[in-house]
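Enquirer: Sequence plus predicted model, see below.
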Amino acid sequence: MLKKLEGNDAELFKEWIYEHKDTIVDVEGKHYLVKPLSNIVQEEIESDSELKALIMQAKRDIAEGTLYSTDDLIEAIEKGQL
């Protein structure tokens, strides 16, 4: 569940997390670990040039309105084009 902090609460929270990436917050005696989310998918895309190229081509195809049927994709896979 995503919650949004605003105003003074947000400023205080930013101070805590800027000091240390992994922060333990005590709320009424119960401890919570707060740490940044890592975007594993984006990291994988950035590190794999072939995957990145496929995604960029897909984005271009979508922008240009190019559509492929399931049969088209199966045929391309069978031919080793994908």
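Expert: Thanks, I have it. Numbering: from 1, shown residues only.
Enquirer: all contacts plus neighbour counts: C-alpha atoms, from now on.
Expert: Noted.
Enquirer: Next, find the distance separating the residue nearest to the spatial centre of the chain from Ile55.
Expert: In the chain, the residue lying closest to the centroid (CA atoms, centre = their mean) is Asn39, at 4.1 Å. As defined by CA to CA, to the nearest Å, Asn39 lies at a distance of 16 Å from Ile55.
Enquirer: for Lys21, same thing?
Expert: Lys21 sits 31 Å away from Ile55 when distances are taken as CA to CA.
Enquirer: List the neighbours of the longest helix that the chain contains that are in contact with it.
Expert: Counting by DSSP state H, the longest helix found in the chain is helix 49-64. For helix 49-64, the surrounding residues in contact (CA atoms under 8 Å, 6 or more residues apart in numbering) are Ile45, Glu46, Leu67.
Enquirer: one more time with 10 Å
Expert: For helix 49-64, the external contacting residues (CA atoms under 10 Å, 6 or more residues apart in numbering) are Gln42, Glu44, Ile45, Glu46, Gly65, Thr66, Leu67, Tyr68, Leu82.
Enquirer: Is the third one located within a helix, as I assumed?
Expert: In other words, Ile45. Yes. Counting by DSSP: H, G, I helix; E, B strand; the rest coil, Ile45 is part of a helix.
Enquirer: Tally up the residues packed near it, please.
Expert: Look at Ile45: counted by other CA atoms under 10 Å, it has 15 neighbours.
Enquirer: can you pull the contacts of it?
Expert: Contacts of Ile45 by CA under 10 Å, 6+ apart are Leu51, Lys52, Ala53, Leu54, Ile55.
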